[in-house]
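Trainee: build me a structure from this.
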Amino acid sequence: MKVLVVGGAGYIGSHVVHAFLSAGHDVTVFDNLSSGQLINLVPGTGFIAGDIRHPDDLDAAFSRGFDAFVHLAAFKAVGESMSEPEKYSVNNLSGTINILNAACAHGCKRMVFSSSAAIFGSPQYLPIDEAHPANPESYYGFTKLEIERILAWYDRIRGLRFAALRYFNAAGYDPDGTVLGLESNPQNLLPIIMEVAMGWRKELQIFGNDYDTRDGTCVRDYVHVSDLARAHVLALETIDREDESLTVNLGSETGITVTEMLETAREVTGVEIPARYVDRRPGDPSELYATSAHAKKRIGWEAELSDCKTLISSTWDVYRKHQTAEK
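Mentor: From the prediction side, this is the model:
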């Protein structure tokens with residue numbers, strides 16, 4: 001298929017592009033490079049510079065004729081969404097509507113949407129499945145849930161078939177070494193650990209060590225980004241074959257504690273990685289992880305690279321390349 005990947009120069013997007021190319025699809029990236037990077041453009045892809053907030057940019061892109069598209073162009077910082085909801089309204093909500101309108105106007109009726117576990121809020125039970133109540137606790141999570149609802153209406157009215165993939169924590173880098181761009185100002189645990197290991201940060205702050213978990217630190221569901229990328233390909237091929245929309249959770253089903261991530265990183269890197277415990281953050285649940293049973297049944301997906309050691313070693317390989325390049 002001829003696929004347009006909106007947001008394909010970002011961390012997750014570039015891995016998705018790599019997965020589609022590896023599966024034999026023709027891929028073009030649409031990105032404004034606000035957070036994406038040119039270094040992430042995978043060889044063999046086309047590139048269109050544009051912004052989802054500008055309908056004319058999208059109209060020009062979709063006029064080139066695509067069979068399907070992937071939407072990964074949302075802003076995603078939870079804290080920022082609570083202080084700047086206007087920014088998230090314009091980009092995530094209005095921007096998505098612009099994408100859908102342009103796609104439908106040009107007859108592109110197959111899409112994969114990067115949704116989020118943030119739609120669920122604090123877990124009422126574990127592991128989280130697709131039937132878990134949706135009660136987002138951030139404006140970011142609200143935008144993702146609202147987009148899922150909008151997609152359901154476009155499916156019903158315009159025949160737009162979609163796959164909504166609810167991610168948990170994306171981590172790692174592709175084992176092939178194709179994607180090399182580092183996230184700027186990362187908010188997630190693993191890249192912060194890597195920055196401490198590189199000497200770019202003084203220490204890792206661990207928010208609480210008195211949770212009711214196996215070592216007192218929070219448990220989170222980390223999924224290797226290459227596993228997530230492969231799910232996009234499987235999901236698109238499924239909805240194209242079956243002509244039916246779908247929604248699935250993508251989780252590793254196990255969960256990793258902060259301490260387990262840190263200790264494994266110390267082992268893999270050979271670096272001490274200074275860390276200290278600080279107070280809990282308000283609203284952090286002790287455990288958060290999903291079942292992917294429905295994803296296995298629906299699209300034939302399960303995590304293959306999401307063990308702690310692979311997550312860390314694949315990330316450390318990329319950071320070391322940057323360290324070598326700086327010398």
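Trainee: helices of the stretch 101-250 of the chain, start to end?
Mentor: 139-158, 189-197, 225-242 (DSSP state H, counting those that start in this stretch).
Trainee: gap between residue 135 and residue 302?
Mentor: 27 Å (CB to CB, to the nearest Å). In short, each C-beta sits where N, CA and C put it, glycine included.
Trainee: for those two, indicate the residue with more neighbours.
Mentor: residue 302 (17 against 13; other CB atoms under 10 Å).
Trainee: all strands for the stretch 1-150 of the chain, in order.
Mentor: Using DSSP state E, counting those that start in this stretch, the strands assigned to the stretch 1-150 of the chain run over residues 2-6, 26-31, 46-49, 68-71, 110-116.
Trainee: partner strands of the second one, with direction?
Mentor: Which is strand 26-31. Here strand 26-31 has these sheet partners by DSSP bridges: strand 2-6 (parallel), strand 46-49 (parallel).
Trainee: hey, which of these is tucked in deepest?
Mentor: strand 2-6 (a mean of 25; mean count of other CB atoms under 10 Å).
Trainee: so what touches it?
Mentor: For strand 2-6, contacts defined as CB atoms under 8 Å, 6 or more residues apart in numbering pick out 13, 16-17, 20, 25-31, 45, 48, 52, 61-62, 65-73, 99, 108, 236.
Trainee: filter the residues you listed to the buried ones?
Mentor: 13, 16-17, 20, 25, 27-31, 45, 48, 52, 61-62, 66-73, 99, 108, 236 (16 or more other CB atoms under 10 Å).
Trainee: so how far is stretch 257-277 off the chain centroid?
Mentor: 23 Å (CA atoms, centre = their mean, to the nearest Å).
Trainee: that one: end-to-end distance?
Mentor: Taking CA to CA, to the nearest Å, stretch 257-277 runs 14 Å from one end to the other.
Trainee: what residues does it touch?
Mentor: With CB under 8 Å, 6+ apart, stretch 257-277 has contacts from 189-190, 193-194, 196-197, 202-206, 208-209, 213-220, 222, 308-309, 311-313, 316.
Trainee: from those, which land in strands?
Mentor: In strands, defined here by DSSP state E, the members of these are 204-206, 219-220, 222.
Trainee: could you dump these to a markdown table with pLDDT?
Mentor: Formatted as a markdown table, the ones in strands among the contacts of stretch 257-277 follow (pLDDT from 0 to 100):
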| residue | pLDDT |
| --- | --- |
| 204 | 97 |
| 205 | 96 |
| 206 | 96 |
| 219 | 94 |
| 220 | 94 |
| 222 | 96 |
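Trainee: quick one on the thing from earlier: would you list the helices of the stretch 101-250 of the chain in JSON lines and tack on mean pLDDT?
Mentor: JSON lines is the format used below for the helices of the stretch 101-250 of the chain (pLDDT from 0 to 100):
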{"stretch": "helix 139-158", "mean pLDDT": "97"}
{"stretch": "helix 189-197", "mean pLDDT": "96"}
{"stretch": "helix 225-242", "mean pLDDT": "98"}
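Trainee: make a markdown table from those helices and add distance to residue 260 to it.
Mentor: Converted to a markdown table, these look like this (distance: least, CB to CB, whole Å):
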| stretch | distance to residue 260 |
| --- | --- |
| helix 139-158 | 26 |
| helix 189-197 | 11 |
| helix 225-242 | 18 |
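Trainee: right, and those helices - which one's nearest residue 112?
Mentor: With CB to CB as the measure, helix 225-242 is the member of the helices of the stretch 101-250 of the chain nearest residue 112 (5.0 Å).
Trainee: then the closest one to CSV, C-alphas only?
Mentor: Output in CSV follows, covering the C-alpha atoms of helix 225-242 (Å, rounded to 0.1, in the frame of the first residue of the first chain):
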residue,chain,number,x,y,z
VAL,A,225,9.0,0.8,20.1
SER,A,226,9.7,-1.8,17.4
ASP,A,227,6.9,-4.0,18.8
LEU,A,228,4.6,-1.0,18.7
ALA,A,229,5.7,-0.2,15.1
ARG,A,230,5.0,-3.7,14.0
ALA,A,231,1.5,-3.5,15.5
HIS,A,232,0.7,-0.5,13.1
VAL,A,233,1.5,-2.7,10.1
LEU,A,234,-0.6,-5.6,11.4
ALA,A,235,-3.5,-3.3,12.3
LEU,A,236,-3.6,-1.6,8.9
GLU,A,237,-3.4,-4.9,7.0
THR,A,238,-6.2,-6.3,9.2
ILE,A,239,-8.6,-3.4,8.7
ASP,A,240,-7.8,-3.3,5.0
ARG,A,241,-8.5,-7.0,4.7
GLU,A,242,-11.6,-7.1,6.9
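Trainee: now for that helix, which elements pack on it?
Mentor: helix 11-22, strand 68-71, strand 110-116, strand 161-167, strand 169-171, strand 246-250, helix 293-299 (3 or more CB pairs under 8 Å, 6 or more residues apart in numbering; DSSP states H and E).
Trainee: that one vs strand 2-6, what angle?
Mentor: 130 degrees (axes from the mean of the first three to the mean of the last three CA atoms, to 10 degrees).
Trainee: now do helix 225-242: everything it contacts.
Mentor: Contact with helix 225-242 is made by 1, 3, 11-12, 15-16, 18-20, 23, 25, 67-68, 70, 110, 112, 161-163, 165, 167, 170-175, 245-246, 248, 250, 295, 298-301, 303-306, as judged by CB under 8 Å, 6+ apart.
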